[in-house]
Structures are given as structure tokens and as C-alpha cells.
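In: how does the following fold in three dimensions:
(one chain, ligands or ions: 2)
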Amino acid sequence: MLPRRHMEIVKAVREAGVVGAGGAGFPAHVKLEADAEYVLANGAECEPLLHKDAELTETYVDQVLRGMEFSMQATGADKAIFGIKAKRTRTVALLEEATKSKKIKIQLFGDYYPAGDEFVLVYECTGRLIPPGGIPLQVGTVVHNSETLYNIAEAVEGRSVTRKILTIAGEVATPMSMAVPVGITLREAIDIAGGPTTRDYSVFVGGLMMGKLVEDLSQPVTKTTGGLIVLPTSHRLVQRVLTPNKAMHRIGKSACDQCSYCTEFCPRYLLGYDVQPHKVMRTLGFTASGKHNWSKWADLCCACGLCTLYACPEDLFPKEACDQAIADRKDAGLERWLGPSTEVKAHPMEGGRHVPLKALMQKLGVTSYNVPAPWHDIDYEARKVTLPLSQHVGTPSEAVVRAGDKVRAGQLVADIPEGKLGARIHSSIEGTVTTVNGSVTIEKI
Ligand code: SF4
Ligand code: SF4
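Out: Ligands and ions are numbered 1, 2, ... in the order given. Below you'll find the model as predicted:
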């Protein structure tokens, strides 16, 4: 049983609907219920062109650090480390000043991708390796992204999650970082940044490496939307993503020369996990019967995209072959391959094969978009918001409002089903509920 003070923090975070804001969407109160030795702040932000975590930390450093202290109290952790890239010099200086009298240490990372991968971050901060297929708690650590920590502090101070921090970058008039009401459309968010500066454009949501190309800009911003990057539709990256899977695999089957660069640069392989995309590429030429034994080398892939978008000299699609292999093995009911042993040992070249972000951006063809996206305090008057009942890991929330109900900003509109893993949802505007189906829509009418 948690001491009273700890329970109050967990309860406040649960009530406020805090989820992992870095993209994962895991309910934060569940992480805080655990006992841990370390609280780690993930401020490494390694997706090219996204700057929201550093901008938020710079603007609200005390609030982010308070979130860290609340997390330490809740989990009983007596150590805390803030992981951030050394290149964020202004943010680092502010953190150094603000942590002088605190138990929080700062760990500086080089400017490489994917420094923000949870497995990499835990290893860099503590020297510990999460067991294959495991979670940070198994090595005594709880990891929260900077924005999640900000939301934890807000929750303890009585404010629910109704805003999402975004970076809008690429072909927009004013690249910026800002907080917008959860539930506005992606199109509205882009328009706040001055709108697209090119006629035919495509939008990556959540990053160029691990995000998705989204066609429907009327989709809502959710609690896990990471950032929006607008690129001309003719951009090579957009065209690569638009390649049909069948074509990706057909090209791979004939052109892969098994050079194994995809494996040699794979960050999970370098940490010592048994991920070997070059072997998975071989399955493209196999019949269904031989396939699954070789597909297993995809099972510990974290979909970072480095093999497809950087490592492969032939511009093939090993990451997509891994995605396919994982799906096929799941369909076949095969057990997840965790490697030959639960003991993991980092590769001797782990520290020497990090991919510099600069080189990655060059390869992606986005260097010209690498400009600051400074924080803007915006006061956006949304007329309508759409709040999906599932914007977190776990069971969808259950609406507690009906069409016609009047709601205040911050009011609970959907709750966690009894006994399930989930997160509560609150209205981000004052208005009238107009529809309740898979989402709750609220309009100012
Ligand atoms: S890097 Fe490309 S060519 Fe080399 S093994 Fe991997 S997929 Fe094949
Ligand atoms: S996407 Fe490629 S580089 Fe990244 S973890 Fe998977 S196999 Fe490794």
C-alpha cells in the first residue's frame, strides 16, 4: 500500500487524464503506482525538426521539474536524471540553474538519432539494459517525457490535460512550438503556424522517422500527437512512404545484397538485442513455409526507421520488412522471439556507431527546414473539438456526457471503465456536446 501522500499524487494524475505525451499514450498514473529507484526525464527529442520538449522545458522549467519531483515522491525513487541533448544549450543552462538545490542530475547526450528511444535513454543514464521485450521498471526506472512531467505537475495542482504541445515545422509560414486545445483539427494547428507555404503538401504527424503520413487533416489533435511536419508532396520522403508495401517487398527481394548495414546500424542490435533486419530481408524471397524462422529477427525491432531511411545503401525498406514479419508471426500465433538469452550485453561499437542528426537530415533531404521553432503563447479560440474515446494505451474511455449536455472547459467527459487500464478525458473548451460515438464532439453553439 502506498503512503497517503503518494496515493494523492497517483489519484490526481489519474483524475487529470495524464498519458505518455511522447507518443506512447501509456496512462501515467499506472507508472507512478510502481516502486522505482530512478525517475528519468526523456527530453532527448531526437526526431528531426521537432523541438517542442526543449521549448516547453525552457518556457516552464519549474513546472517540468516539479513533475519530476512529484514522480519521485509517488514512486519512492531517490534518484532522478534529466536526459537532454547538449546542443540545447539554453535549456541546459536553465535546467542547471533550476536543479542546483534539487536531487535531479542532468545527463547530456550527443546529437544523434535515436537518443530518445527509451531503451537507449535508460542505458545512457543508468548503464542498465532493459531485458529483451521488457519495460524500464524491470531495471528500477520510470521514464516520463518532458511534456508528461509538465502534465503531472499540472494534475497535482488541479488541472486536467486539455492542451497538447506541438511543433509545427517544414513548409509553413512560421515554424513554432505551442500549446493547442486537444481536439482541434490538424488543419487548424497548421493554420495557427501561418499555414502551408506550398500548394501541394503532405503532412507527417509525430515525426519523419516514426510518425505517419496523414491524408485527412480534419483528424483531431490528441493527447499523443507529437508534432506536424509539412513537406511538398513531391518530396522524396513522401514518395518513399507512399510506395505500396507490395512494391517495397518486390524491390527488396531482387535488390538486397545482404550487406547487413541495416543490422550494423540498428540501435537495438547495437544495444545487444537480437534484431537482425538483413536476415528478415531474406524472407522476402522465401516461401511461406520457411519464412517464420527467419522473420523472428524482427520481433525486437522498435520501428525507429533508421535502417530504411539511413543505413541501407540501396534505399530498400528493411523496417517495413520487419513490420510485415512481426504482423505475419502474430497472425501465425508464434511466440515472440526474445533472443538467445535474457542477458543483454551492448555491442563493442555501440558508442561509436550513433547516427548524427545532421547526417540523418541530409539523407532525408530536410536540412533546409532545420530552423528554430520557438515557443509561442497562443490563445486559440476553438469553435469545435473532437475528443476520441481512445487516445491512450488500454481500453477506450466511456462517455459520461450525452448530446445536448453543456460542458465547461476541463470538465470530465469520459471515464476509465471499472477495473480497466485507461485514461480519463476532459473537455478542452466550454460548449455543448453535439455527438457521442467513438468520440465526444463539443461545439460552441
Ligand atoms: S542494408 Fe539494404 S542491401 Fe544491405 S542487407 Fe540491409 S536491406 Fe539489404
Ligand atoms: S527499424 Fe530497423 S534500425 Fe530501427 S529497430 Fe527496427 S530493425 Fe533496427
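In: where's residue 432, which helix or strand?
Out: Per DSSP states H and E, residue 432 falls inside strand 431-436.
In: and the stretch 201-350 of the chain, which of its residues are near ligand 2?
Out: 266, 268, 275, 277, 301-307, 318-319, 322 (Cβ under 6 Å from any ligand atom). Heads up, the C-betas are built off the backbone N, CA and C, glycines and all.
In: for residue 178, grab the count of nearby residues.
Out: Residues near residue 178, counting by other Cβ atoms under 10 Å, number 23.
In: again, but for residue 23
Out: 17.
In: how about residue 72, phi and psi?
Out: phi -60, psi -40 (degrees, to the nearest 10).
In: kindly check the end-to-end length of stretch 307-319 for me.
Out: 6 Å (Cα to Cα, to the nearest Å).
In: just the CA coordinates of the strand holding residue 432, formatted as PDB?
Out: What follows is strand 431-436, C-alpha atoms only, in PDB (Å, rounded to 0.1, in the frame of the first residue of the first chain):
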ATOM      1  CA  GLY A 431     -19.700  24.300 -25.200                       C
ATOM      2  CA  THR A 432     -22.400  21.900 -26.000                       C
ATOM      3  CA  VAL A 433     -21.900  18.200 -26.700                       C
ATOM      4  CA  THR A 434     -23.200  17.600 -30.200                       C
ATOM      5  CA  THR A 435     -22.300  13.900 -30.800                       C
ATOM      6  CA  VAL A 436     -21.100  10.900 -28.800                       C
END
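In: tell me which helix or strand comes right after that strand.
Out: strand 439-443.
In: what does the protein have sitting close to ligand 1?
Out: 256-262, 278, 281, 311-312, 314, 316, 318.
In: thought residue 337 was touching residue 294?
Out: No - contact criterion Cβ atoms under 8 Å: residue 337 and residue 294 do not qualify, at 10.5 Å.
In: my guess is residue 350 contacts residue 271. True?
Out: Yes - taking Cβ under 8 Å as the definition, residue 350 is a contact partner of residue 271 at 6.3 Å.
In: when these two are compared, which one has more neighbours?
Out: residue 271 (22 against 16).
In: what's the closest non-adjacent residue to residue 213?
Out: residue 241 (4.8 Å; Cβ to Cβ, 6 or more residues apart in numbering).
In: repeat that for residue 173.
Out: residue 194 (2.6 Å).
In: tell me how many other residues surround the one you found.
Out: Going by other Cβ under 10 Å, the residues that sit close to residue 194 add up to 13.
In: tally of neighbours for the residue of the stretch 101-250 of the chain found nearest ligand 2?
Out: Residue nearest to ligand 2 within the stretch 101-250 of the chain: residue 114 (7.8 Å; Cβ to the nearest ligand atom). Number of residues near residue 114 (other Cβ under 10 Å) recorded here: 24.
In: re the thing from before, can you list the neighbours in contact with the strand holding residue 432?
Out: 384-385, 399, 401-407, 413, 440-445 (Cβ atoms under 8 Å, 6 or more residues apart in numbering).
In: what about those, which are in strands?
Out: 384, 385, 399, 406, 407, 413, 440, 441, 442, 443 (DSSP state E).
In: what bridges to the third one?
Out: So that's residue 399. Taking DSSP bridges as the rule, residue 399 bridges to residue 414.
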